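A.B. asks: I need the structure of the sequence given here:
(one chain, ligands or ions: 1)
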Amino acid sequence: MGKFERVKTKLNDITIIRPTVFKDDRGFFLETYNREEFAEVGITDEFVQDNVSHSAKGVVRGLHYQSKNAQGKLVRVLRGKIFDVVVDIRNGSPTYGHHLGIELDAQDAGMLFVPVGFAHGFMALKDATEVMYKVTDFYSPQYDAGIRWDDPDLRIPWPMKAQEISRPVVSPKDAVLPFLRDIISPFNYAG
Ligand SMILES: Cc1cn([C@H]2C[C@H](O)[C@@H](COP(=O)(O)OP(=O)(O)O[C@H]3O[C@H](C)C(=O)[C@H](O)[C@H]3O)O2)c(=O)[nH]c1=O
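C.D. replies: Next up, the predicted model:
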């Protein structure tokens, strides 16, 4: 086995990438990306941009996608913890409209790989949560799109009660995103 293990999740095509963590009496070391090793687990996408966002507990970012220059994402938590959510919006997908919520924690080196065709967002579960993610195409604000975090048809189980988050902090842009039922997805399922 190489330095990365790719683990399936309950949602088709969404996988967790588990790096090998090298621990010693100083702490630990791990590779977070390696083109050759990623190809060995079937990820040959070219990442062209790295992003970092910093959020207080209770912030919700998303659910976003780019309608053109669509982005695959490799998401990891540098500090804190998030409830990460992806929604399958590939026309013709057997899991269209299905979503997956998964906790990603800085203590656990797991990374979520989100291919093109999914809306993505997260809720920060700790203060000063820092999320870093690599993307496979450049930021294109003119194609910035998304669906509402609180879409009544999706009923995403954001852990507000469990985390004692009374009112999520959402950007004005995200607060007025459409519901899934009101969008025409630009993505098609490739089987
Ligand atoms: C995404 C992005 C944003 N920006 C600028 C544009 C705004 O002035 C500022 C904040 O942007 P925005 O409110 O879109 O940031 P988020 O709400 O964290 O957006 C992200 O949220 C969810 C979690 C995602 O998966 C996407 O990658 C991304 O859409 O950063 C850039 O300059 N480059 C970028 O790639």
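A.B. asks: residue contacts, the most centrally placed residue in the chain?
C.D. replies: With distances taken as CA atoms, centre = their mean, the residue of the chain nearest its centroid is H120 (4.9 Å). For H120, the contacting residues are G62, L63, H64, Y65, K73, V75, D84, V85, V86, V114, by CB atoms under 8 Å, 6 or more residues apart in numbering. C-betas here are computed from N, CA, C, even on glycine.
A.B. asks: Give me the buried subset of those residues.
C.D. replies: G62, L63, H64, Y65, K73, V75, D84, V85, V86, V114 (16 or more other CB atoms under 10 Å).
A.B. asks: Which elements pack onto the helix ranked longest in the chain?
C.D. replies: Taking DSSP state H as the assignment, the helix of the chain that covers the most residues is helix 35-40. Judged by 3 or more CB pairs under 8 Å, 6 or more residues apart in numbering; DSSP states H and E, the packing partners of helix 35-40 are strand 4-8.
A.B. asks: I'd like to know which elements the following helix or strand past the strand it packs on is packed against.
C.D. replies: Of the helices and strands lying after strand 4-8 in sequence (DSSP states H and E), the nearest is strand 15-19. If you count contacts as 3+ CB pairs under 8 Å, 6+ apart, strand 15-19 packs onto strand 4-8, strand 111-114.
A.B. asks: heading toward the C-terminus, what's the first helix or strand past the last one?
C.D. replies: Right, the one you point to is strand 111-114. strand 118-124.
A.B. asks: Out of all residues in this protein, which is the farthest from the middle?
C.D. replies: D25 (32.2 Å).
A.B. asks: picking up where we left off before, on the pLDDT front, check the residue nearest to the centre of the chain for me.
C.D. replies: What the model reports for H120 is a pLDDT of 98.
A.B. asks: Which helix or which strand is home to E103?
C.D. replies: Using DSSP H and E, E103 falls in strand 99-105.
A.B. asks: Next, the angle strand 118-124 makes with that strand.
C.D. replies: When axes from the mean of the first three to the mean of the last three CA atoms, to 10 degrees is applied, the directions of strand 99-105 and strand 118-124 differ by 40 degrees.
A.B. asks: Name the residues of strand 99-105 that come out as buried.
C.D. replies: H99, L100, I102, L104.
A.B. asks: The second one touches D13, doesn't it?
C.D. replies: Think L100. No. With contact defined as CB atoms under 8 Å, L100 does not reach D13; the gap is 10.2 Å.
A.B. asks: just to revisit the earlier point, what's the spacing between the residue nearest to the centre of the chain and V114?
C.D. replies: 5 Å (CB to CB, to the nearest Å).
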